[in-house]
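Student: just coords:
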């Protein structure tokens, strides 16, 4: 036996009629609002035009006068001075936030501290250099990666401070040169009696190691020369024996390692002339962005929007006031 209830055709027709009527009312309301908006712009076109021109002129002036420039200094902290470097940059940044121009001018040595707007330091991520020829670093990174996100580990402060190169980012209001910004900043960063003593001791150690290596290489050369002389006096059937002599191979390998080590020490001496060694400097990169340099376009829209918002608030206030008065009456 069927239990289905026949659909009421009349009810369906009423529902469709109501829906059609609601859609029609919606479009009527939209048309009314659009018409009122057109009326509003027609009535107030002079004020709106003045606001647009005023915003454009003011925006042009601000775009021309309020220019920001970014400056980058790539540095490498020597003698395990990375934490020292970061603390100094944080100190300068805090003084900028406090507008402590006396500190920036007298202690740091910046000639025009008012133009300095911000400073920060970031590591230049190079995980390959971090683990190159350092099995212990590779094992540590591998162990940490097994227990977490490798990207977060690479960018973590504890890891990032072990990278060799770091980028100091400075923002100023106007154009600068090395004498105004970079030279005073680097002089300030390199003023540390503690690290200067470490620098002197490290230079003595490296030079002593290089002298020792040179003496060892000379001794190895003497051994090889003596072996070559003796080898020439031997019969040719003995040559295979000497080529297979593991001790001689170790001596040759040792000489190669020492020569490579000497090259590394020479590179160290190039960078050891400063505690915080500047590698490269790039100045006066004009700031980029959607809003930067486009105030002449942004301000007219902002002024018009604020005027419309004000008129809407006034109309809302008058309407609510009339409703209250009618209720009281």
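Tutor: That came in fine, so what should we check first? Given the structure is predicted, the values throughout are model-derived calculations rather than measurements.

Student: Quick check on residue 168: phi, psi?
Tutor: Geometry field for residue 168 lists phi and psi as phi -90, psi 120, criterion degrees, to the nearest 10.

Student: Ignore what I typed, I meant residue 73.
Tutor: Backbone dihedrals for residue 73, given as degrees, to the nearest 10, come out at phi -130, psi 120.

Student: before we move on, what about the one 4 residues further on?
Tutor: For residue 77, the backbone dihedrals are phi -80, psi 120 (criterion: degrees, to the nearest 10).

Student: and the spatially closest residue to residue 255 that is not a sequence neighbour, what does it touch?
Tutor: Nearest residue to residue 255, sequence neighbours excluded (CB to CB, 6 or more residues apart in numbering): residue 220, at 4.6 Å. Every C-beta, even on glycine, is put in place using the N, C-alpha and C of the backbone. If you count contacts by CB atoms under 8 Å, 6 or more residues apart in numbering, residue 220 has them with 251, 254-255, 258.

Student: how close does residue 75 sit to residue 253?
Tutor: Going from residue 75 to residue 253 by CB to CB, to the nearest Å gives 36 Å.

Student: and what of residue 61?
Tutor: When CB to CB is the yardstick, residue 61 and residue 253 sit 72 Å from each other.

Student: These two: which has the busier surroundings?
Tutor: Set residue 61 next to residue 253 and count neighbours by other CB atoms under 10 Å: residue 61 wins out with 13 against 10.

Student: quick one, strands of the stretch 201-329 of the chain?
Tutor: Using DSSP state E, counting those that start in this stretch, the strands of the stretch 201-329 of the chain run over 276-286.

Student: Output the below-cut-off pLDDT ranges for it.
Tutor: 230-246, 288-294, 328-329 (pLDDT under 70).

Student: rerun at 50
Tutor: Counting by pLDDT under 50, the low-confidence segments of the stretch 201-329 of the chain come to 235-244.

Student: mind listing the helices for it?
Tutor: Defined through DSSP state H, counting those that start in this stretch, the helices belonging to the stretch 201-329 of the chain, from first to last, are 239-243, 246-271, 295-328.

Student: Quick one: work out the angle between the second one and strand 276-286.
Tutor: Put plainly, it is helix 246-271. Going by axes from the mean of the first three to the mean of the last three CA atoms, to 10 degrees, helix 246-271 is angled at 50 degrees with respect to strand 276-286.

Student: Mind listing what's buried along helix 246-271?
Tutor: By neighbour count, with 16 or more other CB atoms under 10 Å as the criterion, the buried positions of helix 246-271 are 255, 258, 265.

Student: circling back to that earlier point, for the helices of the stretch 201-329 of the chain, which one sits closest to residue 207?
Tutor: Nearest to residue 207, of all the helices of the stretch 201-329 of the chain, is helix 246-271, at 7.8 Å by CB to CB.

Student: List the contacts of residue 223.
Tutor: Under the criterion of CB under 8 Å, 6+ apart, the neighbours of residue 223 are residue 251.

Student: From residue 248, how far out is it?
Tutor: Here the distance between residue 223 and residue 248 works out to 9 Å (CB to CB).

Student: Which residue comes closest to the residue most central in space within the chain once chain neighbours are left out?
Tutor: Among the residues of the chain, the smallest C-alpha distance to the mean C-alpha position (CA atoms, centre = their mean) belongs to residue 122, namely 5.8 Å. On the basis of CB to CB, 6+ apart, the spatially nearest residue to residue 122 that is not a chain neighbour turns out to be residue 167, at 5.2 Å.

Student: and what of residue 72?
Tutor: Nearest residue to residue 72 in three dimensions, chain neighbours excluded: residue 282, at 4.6 Å (CB to CB, 6+ apart).

Student: swap in residue 68?
Tutor: For residue 68, the spatially nearest residue (CB to CB, 6+ apart) is residue 287, at 4.0 Å.

Student: Give me the domain ranges for the chain.
Tutor: What automatic domain parsing lists as the domains of the chain is 14-64+292-317, 68-124+165-286.

Student: what's the first-to-last distance across the longest one?
Tutor: To tie it back to what came earlier, the one meant is domain 68-124+165-286. End-to-end distance of domain 68-124+165-286 (CA to CA, to the nearest Å): 6 Å.

Student: so the residue nearest to residue 72 touches residue 167, yeah?
Tutor: No - at 9.8 Å, residue 282 does not count as touching residue 167 under the criterion of CB atoms under 8 Å.
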